[in-house]
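S.K.: Need a 3D model of the sequence below.
(4 chains)
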Protein chains: 4
Amino acid sequence: MNTIGTTFRFTSFGESHGHAIGGVLDGVPAGIRIDLEMIREALARRAGRIGSVEDSSIGTSPRARRESDEVEWLSGVLDGVTLGTPIAFIIRNTDARPEDYLWLQDSYRPGHADWVYQQKYGIRDYRGGGRASARETVSRVVAGEIARKLLLEHRIEVHATLTQIGEEEDPTRFEPLLKEVQQAGDSIGGIVSCTITGLGVGVGEPIFDKLSARLAAAMLSINGCKGFDYDLGFESLHYRGSAYIERKESISGGISTGEPIRFRAVFKPAATIAQRYKGRHDVCIAIRAVPVVEAMTNLVLIDMLYESAQ
Amino acid sequence: MNTIGTTFRFTSFGESHGHAIGGVLDGVPAGIRIDLEMIREALARRAGRIGSVEDSSIGTSPRARRESDEVEWLSGVLDGVTLGTPIAFIIRNTDARPEDYLWLQDSYRPGHADWVYQQKYGIRDYRGGGRASARETVSRVVAGEIARKLLLEHRIEVHATLTQIGEEEDPTRFEPLLKEVQQAGDSIGGIVSCTITGLGVGVGEPIFDKLSARLAAAMLSINGCKGFDYDLGFESLHYRGSAYIERKESISGGISTGEPIRFRAVFKPAATIAQRYKGRHDVCIAIRAVPVVEAMTNLVLIDMLYESAQ
Amino acid sequence: MNTIGTTFRFTSFGESHGHAIGGVLDGVPAGIRIDLEMIREALARRAGRIGSVEDSSIGTSPRARRESDEVEWLSGVLDGVTLGTPIAFIIRNTDARPEDYLWLQDSYRPGHADWVYQQKYGIRDYRGGGRASARETVSRVVAGEIARKLLLEHRIEVHATLTQIGEEEDPTRFEPLLKEVQQAGDSIGGIVSCTITGLGVGVGEPIFDKLSARLAAAMLSINGCKGFDYDLGFESLHYRGSAYIERKESISGGISTGEPIRFRAVFKPAATIAQRYKGRHDVCIAIRAVPVVEAMTNLVLIDMLYESAQ
Amino acid sequence: MNTIGTTFRFTSFGESHGHAIGGVLDGVPAGIRIDLEMIREALARRAGRIGSVEDSSIGTSPRARRESDEVEWLSGVLDGVTLGTPIAFIIRNTDARPEDYLWLQDSYRPGHADWVYQQKYGIRDYRGGGRASARETVSRVVAGEIARKLLLEHRIEVHATLTQIGEEEDPTRFEPLLKEVQQAGDSIGGIVSCTITGLGVGVGEPIFDKLSARLAAAMLSINGCKGFDYDLGFESLHYRGSAYIERKESISGGISTGEPIRFRAVFKPAATIAQRYKGRHDVCIAIRAVPVVEAMTNLVLIDMLYESAQ
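M.R.: Numbering: from 1, shown residues only, chains lettered A, B, ... in the order given. Predicted structure coming up:
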């Protein structure tokens, strides 16, 4: 439910305007040094404070909460090194402004999960999206960086980047486009592309736990993600088999072939737009999804790597 | 690994040219009458013997094995009614022609999983794809039809159809296109679109087990599937947020909203093409994937429905 | 539900008087030669056809079904060697005599699970205990022998034996006691003791998945088992700490210490006694439980060994 | 690994002398009011501050840490009512005295898990038992009380009590015996008996997830527990079947019959005895195990109740 993974398990908890968000990582080997700087840097990217597009004032900053995103390590780590026991961490919600959301106590924002939560649970945390808030991804990023550390020891690297905004595929034209959308008080969708290198052959399980299936689920678990494809994906419709088989496949029968894996995740235009709602708005949620895509990919890979190693 | 589902669990087993393929369904309520006719009909569709495009001689028949696909019920059913105990069933591989594949003992077919299996396991069933064969989906279809029966009691209906072949989106033009590709000894990709109606609000879990994430994983678990999207999916790139929010979303925050759900799964052109290999070939594997898409959707829905009902 | 294990998973299916019972083993490594003779011998012990006490006509034979218990391998094995894919097997119920049980259609046997099944499921297989029958353990024994084969490669050995019948702890006095109980048309309880050697240090997980916890659950999953203890167990009440700590512990904090592990499982007197019911009766169900205790122990050990090896 | 439960899942984390211990509860329905007083009272019982035997100065108090055991609720609760989202809580380790344990950095206490942890993980938290410390059970008690609240809505009640110390079964004679053992600087084992009422018929799953199997595993997951039995358990050896079947069984075929369930858990004499080690020592760990037995029982019952309700 709020846990992902089989051998390397991550449990996420926390509402965006509660006391804290956080997570528990179970299955991390003992003796690994946690790289706090790596985690801090990834959180800064997620918060829209640094990064290629993100560090401009365009795209995200109006919405960025002024959270310091300070990670508090509660267990599983002694003198900066993992103990093999569950690693629990929290991040306090210091910049929570629940009063900004009091008007939501009796209304729902279209395109948000408020209403379905109310229907499903008969109750909801009306304060800023609660559990459905993008803030929950902070925990994913922390967990994902620990997974990345483990993957790097196997020389497996994951790198995601924004490759399309709306219909625009040329990154040099992203900034003017974002500016235009922002000035219109509107929002726009985008594609995050992710590359995995160094994985080697044999990772993934043949039937239901195909590597591709796990990656797809991980991407679709990110708020706003509406689709996933890998290798040529939807583009393969433009090829006949005779031409297609000239391309090397990165995953075959659900199992990695050793070729670099490239997949895409598409993000819809944000529902909360400045034309209608005051407050903090992302012009393009795909921008801040980049480190989350990496985090989820790292979590899937380390879990499947450990499974395959059994 | 070979099991899917949490509360309604399906375990699949069997190699394409072994003694039998089959499955075990755990979590089926007691007192449900199994609809053998429904199952038979779905298997016939999967085998390419009936259906809109499928019943023509184009697209699939050259490859279709002459299996009767007779289901043998081993347990969990008494006088045609479920007992609440695990339902085990098998389908014998009567038309297995392992001798057709002996030449594969020492070679690998490009675009097939033969090679990765050999790398991963150090051994493989060289007979016709073994576990990676599309034949494994027979078990999925049987299980999926039992799930469908349970869904129908909740008035939930799942219907998949072929909506695109290559770049062609007009179904009336499918047959000539398939004929052309077949005559060229080539293959072509396609899109299967699936619609879910009657699901109601509240099915799906908020974080990692979003309904969309589970559907994506289920689709990507089908051989040849290279991508998934839902609602506007990749098409949402053509919309600004101000226009996009006019569309009703079918899944919000991972939870069904009560709107009909529509998703797409894209299938690559088959790797085994007549130009290169003798034997049975599918011109467009998306055609026979249609009932498999339905089966996997049924399995996901009943599992999540039961989970949500807790 | 009907599956046990995390990395080495065994799913059991089948009613005692249905078409077949069987199982699916997922997680068996590729390249292992199945030892059919070992399996046949274990099944014979379970059926009460051979063994120290079992091969006498006392204790079990009046009840012993004349099943050949022939295992049919459906998948996962090629030329006697595992493929790394799920191993499915069935045993036909050739000696089923459902007509013997027709009178049970409208009545319940005290001390049997008939009544609770009816209450829980609203339906039951009235034929000879259905799923609750001891016959289900045939599948466990087959699976357990495959696990044993894997354990032997790690020089881990499991051996169970009957150490107490009623209040009698001297094995040389078992046979007269059993004869006396049988002649009285009665039944009697017993203790099966099991020893694990060669396990090494470090198997087991610290908190909920302690090795002792998993073994306890496995024993209590056997029909008629009413208790479990290990090391000194209930006998430790006779010791003060100062004396107790002189004994070496086999499991500490849930993790194996490398010392031989010894545990006990107690079985109640059978509820079906000749005084009241005609048909086949076990005088002491603990006798035929011996190979089942071994099977369940093997299954737990291989699963936890693989988990610990991650 | 550090998670127990399927539909109602509890994840435990924390070392005894780290920053905090705590847990995450997933699957708690929305709209339940948390009873803080109930939790506080249970924690006081676990800490040995109140209770029949526990509130005397005998048995536990020399060891009792002066923790306030203040629970900090991090998520899943709004205005004292559950949200249906994961409930995370922590308890700070305010009375941790790691310096008391520095001598352990290079040595192991016999009868403790220190050594196996070092072997298994190659590293350990030498500070007071780390993860293997009895302090971890604080989190279990908090989670168990939330489960108890849910059970009470179904009128299911769980009550555990100390019924035997060493060989003494008469509670009026417990206090002098404990005093004697304490004065000798020694320790003694004991039995905790637990009664479940109001459960109704039908809870439990037939094969591997028998209610008895789950209870056994839960008990054996408690530090120092060496055995479990239910109904007549090991006492059933004193009965012939003809007499035994007069007794009503509480669990049949793994499923509750509606009769009150009574089981026992035996705890060994503590390994840390005053004769050898300075510091805080429990004369009889069974005393403080009483609320932990209740907690684990509550957790198992609510999980299986929800599973059965599917």
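
S.K.: give me the element the one residue in the stretch 201-310 of chain A that gets nearest to chain D is part of.
M.R.: With Cβ to the nearest Cβ, the shortest gap between the stretch 201-310 of chain A and chain D falls at residue A:306, namely 12.2 Å. C-betas here are computed from N, CA, C, even on glycine. Secondary structure assigned from DSSP states H and E places residue A:306 in helix A:285-308.

S.K.: Alpha carbons only: can I get that helix in CSV?
M.R.: Output of helix A:285-308 as CSV, limited to C-alpha atoms (Å, rounded to 0.1, in the frame of the first residue of the first chain):
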residue,chain,number,x,y,z
ILE,A,285,5.4,19.6,-13.0
ALA,A,286,7.6,17.5,-15.2
ILE,A,287,10.5,19.7,-14.2
ARG,A,288,10.5,18.9,-10.6
ALA,A,289,9.6,15.3,-11.4
VAL,A,290,13.1,14.7,-12.8
PRO,A,291,14.7,13.7,-9.5
VAL,A,292,11.7,11.8,-8.5
VAL,A,293,11.9,9.7,-11.7
GLU,A,294,15.5,9.0,-10.9
ALA,A,295,14.6,8.1,-7.3
MET,A,296,11.9,5.6,-8.3
THR,A,297,14.2,4.1,-10.9
ASN,A,298,16.9,3.7,-8.3
LEU,A,299,14.5,2.0,-5.9
VAL,A,300,13.2,-0.4,-8.6
LEU,A,301,16.7,-1.3,-9.8
ILE,A,302,18.3,-2.1,-6.5
ASP,A,303,15.3,-4.2,-5.5
MET,A,304,15.3,-6.2,-8.7
LEU,A,305,19.1,-6.5,-8.6
TYR,A,306,18.9,-8.0,-5.2
GLU,A,307,16.1,-10.3,-6.3
SER,A,308,18.0,-11.5,-9.3
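
S.K.: for that helix, packing partners?
M.R.: helix A:36-46, helix A:137-153, strand A:157-165, strand A:190-197, helix A:211-220, strand A:261-267 (3 or more Cβ pairs under 8 Å, 6 or more residues apart in numbering or on different chains; DSSP states H and E).

S.K.: Give me whichever of those is most buried.
M.R.: helix A:211-220 (a mean of 29; mean count of other Cβ atoms under 10 Å in any protein chain shown).

S.K.: Any part of that helix near chain B?
M.R.: Yes: applying Cβ under 8 Å from any Cβ of the partner chain, one finds helix A:211-220 touching chain B at A:212, A:213, A:214, A:215, A:216, A:217, A:218, A:219, A:220.

S.K.: circling back to that earlier point, just the angle between the helix holding residue A:306 and helix A:211-220, please?
M.R.: Relative orientation of helix A:285-308 versus helix A:211-220 (axes from the mean of the first three to the mean of the last three Cα atoms, to 10 degrees): 140 degrees.

S.K.: Enumerate the positions of helix A:285-308 that are buried.
M.R.: A:285-308 (16 or more other Cβ atoms under 10 Å in any protein chain shown).

S.K.: wait, residue A:182 sits on residue A:287?
M.R.: No: taking contacts as Cβ atoms under 8 Å, residue A:182 lies outside contact range of residue A:287: 11.7 Å.

S.K.: Tally up the residues packed near residue A:156, please.
M.R.: Using other Cβ atoms under 10 Å in any protein chain shown, the number of residues around residue A:156 comes to 20.
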